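Asker: need coordinates for the below:
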Amino acid sequence: MDDVKKPMILIIEDEVKLARFIELELKHEGYDVTVSNDGRDGLERFENSNPDVVLLDLMLPSLNGIEVCRRIRKTSDTPVIMLTAKGETMDKVTGLDNGADDYMTKPFAIEELLARLRVVLRRRSGSGNGTDSVLSAGALTIDTARHTVKYADEMVELTKREFELLEYLVRNKNIVLSREQILNKVWGYDYIGETNVVDVYIRYLRTKIDDKYNIRLIHTIRGVGYYAKDD
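Answerer: Got it, this is the predicted structure:
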């Protein structure tokens, strides 16, 4: 049992007491933990330690959390959970748009944090188990191996979560998926957060695909859910 690799969590949080509390709780749960209280230092630690998950505060000295997340996403798909204060709704959206996998609003229960960590770790360990590597719907193609989306010959820029949602819809083309199914598949069974997150991300995809290319890829069955179909 001792040779089993423990998941390594990088905490980048400038509230020293909070960072220390999270560190102790995670170590108690069997995680390896590295802590940084500064954005620039945290980014360096990320590059040197290759963690399994990053817990990233939004407001940090020297380099804010949004910028740290953006730079991480240039080279890595390591799960990032953003830690935000109450009332920072637009900052949460900005964080998600820049590649964060999830966010938590302070103060939070440690049990909730542990649940979120299990979700992103389980999702990461299960990545790459899909069947078809290239999916299509009309002129839209999704290359899951290369993590790219194209409409005709034009590249469509999506965030990680938008990509996962689109892949799930297209992989189940012409099948109506409930919000609960989508939430469980894309966000994870243990997801604890705003229930309208599915509707928000459907809107993002429609803006980037349906509206931009004047097609109807994503359809709504009112009171039931969503489905993708060839235009």
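
Asker: next, count neighbours for Glu174.
Answerer: Glu isn't right for residue 174; it's Asn. 10 (other CB atoms under 10 Å). Heads up, the C-betas are built off the backbone N, CA and C, glycines and all.

Asker: likewise for the one 5 residues further on?
Answerer: For Arg179, the neighbour count with other CB under 10 Å is 16.

Asker: surely it and Gly225 touch.
Answerer: Yes - counting by CB atoms under 8 Å, Arg179 does reach Gly225; the two are 5.7 Å apart.

Asker: which residue sits closest to Tyr213 in space, ignoring its chain neighbours?
Answerer: Tyr151 (5.3 Å; CB to CB, 6 or more residues apart in numbering).

Asker: confidence score at the residue positioned nearest the centre of the chain?
Answerer: The residue lying closest to the centre of the chain (CA atoms, centre = their mean) is Asp101, at 1.8 Å. Note on Asp101: pLDDT of 83.

Asker: please apply the same query to Asp97.
Answerer: pLDDT, Asp97: 79.

Asker: coming back round to it: contacting residues for the residue nearest to Tyr213?
Answerer: Residues near Tyr151 by CB atoms under 8 Å, 6 or more residues apart in numbering: 139-140, 209, 212-213.

Asker: re the thing from before, for Arg161, see how far away the residue nearest to the residue nearest to the centre of the chain when sequence neighbours are not counted is.
Answerer: Computed as CB to CB, 6+ apart, the closest residue to Asp101 that is not its neighbour in sequence is Pro79, at 4.6 Å. Distance, Pro79 to Arg161, by CB to CB, to the nearest Å: 11 Å.

Asker: same check, this time on Lys212
Answerer: 19 Å.

Asker: likewise for Arg171?
Answerer: From Arg171 over to Arg161 (counting by CB to CB), the distance is 16 Å.

Asker: re earlier: so how many other residues sit close to the residue nearest to Asp101?
Answerer: If we define neighbours as other CB under 10 Å, then Pro79 has 23 of them.

Asker: ramachandran angles for it?
Answerer: phi -60, psi 140 (degrees, to the nearest 10).

Asker: what's across from the residue nearest to Tyr213 in the sheet?
Answerer: Leu140, Glu154 (DSSP bridges).
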